[in-house]
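Asker: no FASTA, just this:
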């Protein structure tokens, strides 16, 4: 796990843009504290930079950028390819010789053997840049689930790329501010892909690669892999339970491969508890687990965490977080945001705990709710699809409601998945945004409706609509992004077995009605698959989510209150918050809209 950056240009002197790439990498040093490396092509048109977090082959053999084919092919790579050993065996049988034990070298040799078709072979989380000097091409590639970020910009016959948006601020000529970022943040609670807070800096779509021709200076983007319901061939429940068990156990085993210490986040919920129990089968007494606790008892899940700890006899660390610790670390936490988000604070603290306990990689249960139906949206989406068919003048009346949840129905005037998402998970209503930004509410709706978010909406079956939204919007744009930059801020790799591509292909082959049947408990099929493994106290309980007591804490931070009191909108929101009429995340979103440095 690392951080990468680079510039491809004939318009900038090689010495100048190598300094820029070095500055870009230094801005991301936290994500690759173990080593750095640079490559400049013989003609001076390409510069790759790399910051390394060593997890596989900790020797210098894993140094990047890495070359092959007599230095005609170069790569800088961020991520993990979990099936690299199987691919390596196949390549060795074809005559390839390896110098290291890394998955990086496997990617290089795979490209030399199979070309761009190799990208679809990789099961993992990855973002990499690959230069083929013999063909005069540079490729940017991002994994099918979009676990690892990769941002790029093309202007004036130059290509820029990096793992974090903040790296682009280090480029000499700089990048301007995206004029729409505050509107997007207030509407979504994050900046949805492909957009960023910077003008002309975009996120590469998941499962896609960008091909840049060094001769013509032309760029083209191609899809190489997609994840989702296609051939739902499994309609028998027993068959579905069997394949879920087998594929998840295999995925967890793959995700435990590491030459450095690895552990798990144990919240006490179904997903983290299940991963802990499955991981314990493989690494037993070497298993490290981490949990966050609070002085505020109503947020405590210690009883559930302890049930799993007692069962697996792992090495466990409880990490108590208090309001004082939030106040003390506030400046560091704010600086850690790569892109503004209404969440991510909890990820910063649990990642700090893992780092302080000597871990370099942790497993997380992220992805399970989106795939198995763990959110209320799986029950709400069908009725909202009906509301979306109402004429615009009727939906316009929603802004007259004093209830913000009803005000959000105004977003359904956007007749696609964006409108649906904002009706379900939107933050500020069009009317609220118009008042904050001094825009007409119809203008807000029109501007957002005119933007092209990733992935593009295709035909979505009614019974998979919620899954599509949660997987491709909420998880993609917020959970994965927040988890990545907050974990990497502490030099920590976050691994997500529920997003293993082999596992997802299996789950998405299950009949939708079988997977999302109503009644019973959320994620019923996942629970049924592991009922003999999971203690009843874990699955037979109300869902809490990974929540911190921010409702009690946030309003006590002086710097937050002082900032909010600088504007009329901030004062009104703070007043509502103090009266218990506003959720903390909405207050935090507005604060970031005023204080995040784009």
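Answerer: It's in. Computed from a predicted model, the values in this text were never measured in an experiment.
Asker: For the spatially closest residue to residue 165 that is not a sequence neighbour, give its distance to residue 289.
Answerer: Spatial nearest neighbour of residue 165, chain neighbours left out: residue 196 (4.8 Å); criterion: Cβ to Cβ, 6 or more residues apart in numbering. Every residue, glycine included, has its C-beta placed from N, CA and C. Distance of residue 196 to residue 289, computed by Cβ to Cβ, to the nearest Å: 35 Å.
Asker: Could you list the residues in contact with the top helix by length along the chain?
Answerer: When the chain is parsed with DSSP state H, its longest helix is helix 237-255. The contact list for helix 237-255, computed with Cβ atoms under 8 Å, 6 or more residues apart in numbering, reads 82-83, 123, 234, 274-275, 278-279, 281-282, 363, 495-498, 500, 502-503, 506-507, 509-511, 514-515, 525-526, 528-530.
Asker: Of those residues, keep whichever come out buried.
Answerer: Among the contacts of helix 237-255, those scoring as buried are 82-83, 123, 234, 274-275, 278-279, 363, 495-498, 500, 503, 506-507, 509-511, 514-515, 525-526, 528-530 (criterion: 16 or more other Cβ atoms under 10 Å).
Asker: Could you tell me which of these belong to strands?
Answerer: 363, 495 (DSSP state E).
Asker: Which members of the buried ones among the contacts of helix 237-255 occur in helices, if any?
Answerer: Residues of those located in helices (DSSP H): 274-275, 278-279, 503, 506-507, 514-515, 525-526, 528-529.
Asker: Which one of those residues is nearest to residue 101?
Answerer: Closest approach between these and residue 101, by Cβ to Cβ: residue 279, at 22.3 Å.
Asker: Quick check: the closest one touching residue 363?
Answerer: Yes - counting by Cβ atoms under 8 Å, residue 363 is a contact partner of residue 279 at 6.5 Å.
Asker: if I pick the nearest residue to residue 177 once chain neighbours are set aside, what's in contact with it?
Answerer: If the residues on either side of it in the chain are set aside, residue 177 comes closest to residue 598, at 4.6 Å by Cβ to Cβ, 6+ apart. Residue 598 makes contacts with 177, 178, 181, 197, 198, as judged by Cβ under 8 Å, 6+ apart.
Asker: Could you tell me which residues make contact with residue 9?
Answerer: The neighbours of residue 9, taking Cβ under 8 Å, 6+ apart as the test, are 17, 45, 157, 158, 159.
Asker: Determine which two of those are furthest apart.
Answerer: Top of the distance list for those (Cβ to Cβ): 17 and 157, 13.0 Å.
Asker: quick one: which of those two has more around it?
Answerer: Neighbours were counted for residue 17 and for residue 157 using other Cβ atoms under 10 Å; residue 17 has more, 25 against 12.
Asker: Name the nearest residue to that one, sequence neighbours excluded.
Answerer: Leaving aside its sequence neighbours, residue 17 sits nearest to residue 7 (Cβ to Cβ, 6+ apart; 4.5 Å).
Asker: got a pLDDT number for that neighbour?
Answerer: Looking at residue 7, its pLDDT reads 96.
Asker: What ranges does the stretch 151-300 of the chain have for its helices?
Answerer: Secondary structure of the stretch 151-300 of the chain, counting by DSSP state H, counting those that start in this stretch: helices at 181-188, 237-255, 270-283.
Asker: Take those and lay them out in JSON lines including distance to residue 389 and mean pLDDT.
Answerer: Listed next are the helices of the stretch 151-300 of the chain as JSON lines, based on distance: least, Cβ to Cβ, whole Å; pLDDT from 0 to 100:
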{"stretch": "helix 181-188", "distance to residue 389": "22", "mean pLDDT": "98"}
{"stretch": "helix 237-255", "distance to residue 389": "33", "mean pLDDT": "96"}
{"stretch": "helix 270-283", "distance to residue 389": "35", "mean pLDDT": "92"}
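Asker: Name the spans of the stretch 1-150 of the chain whose pLDDT lies under the cut-off.
Answerer: The stretch 1-150 of the chain contains residues with pLDDT under 70 at 1, 13-15, 32, 53-62.
Asker: go on, the stretch 401-550 of the chain?
Answerer: 518-520, 543-546.
Asker: now the strands for it?
Answerer: For the stretch 401-550 of the chain, the strands defined by DSSP state E, counting those that start in this stretch occupy 493-495.
Asker: Pull the distance from stretch 514-528 to the chain's centre.
Answerer: Here the centre of stretch 514-528 is set off from its chain's centre by 25 Å, with Cα atoms, centre = their mean, to the nearest Å.
Asker: My error: substitute stretch 434-446 in the last question.
Answerer: Relative to the chain's own centre, stretch 434-446 is displaced by 29 Å; criterion: Cα atoms, centre = their mean.
Asker: Could you do stretch 295-313 as well?
Answerer: 26 Å.
Asker: The nearest residue to residue 176 once chain neighbours are set aside: how many residues sit nearby?
Answerer: Closest residue to residue 176 apart from its sequence neighbours, by Cβ to Cβ, 6+ apart: residue 199 at 4.3 Å. Residue 199 has 16 neighbours, counted by other Cβ under 10 Å.
Asker: Return the backbone torsion pair for residue 199.
Answerer: Main-chain torsions, residue 199, degrees, to the nearest 10: phi -70, psi 130.
Asker: Please apply the same query to residue 127.
Answerer: The phi/psi pair for residue 127 (degrees, to the nearest 10) is phi -150, psi 120.
Asker: do you know how far it is from residue 97?
Answerer: Counting by Cβ to Cβ - residue 127 and residue 97 are separated by 27 Å.
Asker: And residue 344, by the same measure?
Answerer: Remark: distance between residue 344 and residue 97 (Cβ to Cβ) = 44 Å.
Asker: Which one of those two is surrounded by more residues?
Answerer: Per other Cβ under 10 Å, whichever of residue 344 and residue 97 has more neighbours is residue 344, with 24 against 7.
Asker: I figured the more buried one hits residue 337, correct?
Answerer: Yes - counting by Cβ under 8 Å, residue 344 does reach residue 337; the two are 6.7 Å apart.
Asker: shared neighbours of these two, anything?
Answerer: Listed as contacting both residue 344 and residue 337 by Cβ under 8 Å, 6+ apart are residue 485.
Asker: How is this protein partitioned into domains?
Answerer: According to automatic domain parsing, the chain comprises the domains 2-223, 237-320+338-372+466-541, 375-465.
Asker: would you turn the ones you listed into JSON lines with distance to residue 574?
Answerer: What follows is the domains of the chain, written out as JSON lines (distance: least, Cβ to Cβ, whole Å):
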{"stretch": "domain 2-223", "distance to residue 574": "16"}
{"stretch": "domain 237-320+338-372+466-541", "distance to residue 574": "16"}
{"stretch": "domain 375-465", "distance to residue 574": "14"}
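Asker: nearest to residue 576, of the ones you listed?
Answerer: Across the domains of the chain, the minimum distance to residue 576, taken as Cβ to Cβ, is reached by domain 375-465, at 10.1 Å.
Asker: start to end distance for that closest one?
Answerer: Using Cα to Cα, to the nearest Å, the end-to-end distance of domain 375-465 comes out at 12 Å.
Asker: That one: how far from the chain's middle?
Answerer: So, by Cα atoms, centre = their mean, the centroid of domain 375-465 is 23 Å from its chain's centroid.
Asker: With stretch 27-39 instead?
Answerer: Computed by Cα atoms, centre = their mean, the chain-centroid distance of stretch 27-39 equals 20 Å.
Asker: Please apply the same query to stretch 5-23.
Answerer: Mean-position distance between stretch 5-23 and its chain equals 28 Å (Cα atoms, centre = their mean).
Asker: how about that stretch: buried residues?
Answerer: 5-9, 12, 14, 17-18, 20-23.
Asker: What is the end-to-end distance of it?
Answerer: Stretch 5-23 stretches 10 Å from its first residue to its last (Cα to Cα).
Asker: repeat for stretch 576-593
Answerer: End-to-end distance for stretch 576-593, by Cα to Cα: 18 Å.
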